[in-house]
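Enquirer: Let me see the structure of the following:
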Amino acid sequence: MRRESVVHKKHDAQRGQGMTEYIIVVALVAVAAIAVYQLFGQVVRSQTAAMAKELAGEDGSEQSRMAQTAAEAAAAQVAAKTLKSFTGNAGAGQ
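Expert: Modelled structure (predicted):
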């Protein structure tokens, strides 16, 4: 009876470790999705609005211009950010 108890505890610990790893991966994917949405959310919304107007038979050129402007702003923001953007003053003393 004692040996079965040890085997059950080891199995439960391994299952708990697997669940923890899964939660970490899901959290990382969620953070990445939020970052991408913040950068490109306006682009997607403007493109969707332009397509909806065009499908309705209206002129969607204004929404297309807004999407292009948002895409250029997002590209500039991505180009300006590097790994150094997140390290703060780590290299200030060098």
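Enquirer: So what's the residue count around residue 46?
Expert: When neighbours are defined as other CB atoms under 10 Å, residue 46 has 21 of them. Just so you know, the C-beta spots here come from the backbone N, C-alpha and C atoms, and that holds for glycine as well.
Enquirer: oh, I was asking about residue 62
Expert: If you count neighbours by other CB under 10 Å, residue 62 ends up with 12.
Enquirer: So it versus residue 69, what's the distance?
Expert: Applying CB to CB, to the nearest Å, the value for residue 62 to residue 69 is 11 Å.
Enquirer: Now residue 57: phi and psi?
Expert: Dihedral angles of residue 57 (phi, psi; degrees, to the nearest 10) stand at phi 90, psi 10.
Enquirer: looking only at pLDDT, what's the mean for the longest helix seen in the chain?
Expert: Taking DSSP state H as the criterion, the chain has its longest helix at helix 2-55. On average, the pLDDT along helix 2-55 is 83.
Enquirer: Go through the following helix or strand past that helix and flag the buried ones.
Expert: Of the helices and strands lying after helix 2-55 in sequence (DSSP states H and E), the nearest is helix 61-80. Residues 63, 64, 66, 67, 70, 71, 74 are the ones in helix 61-80 that count as buried (16 or more other CB atoms under 10 Å).
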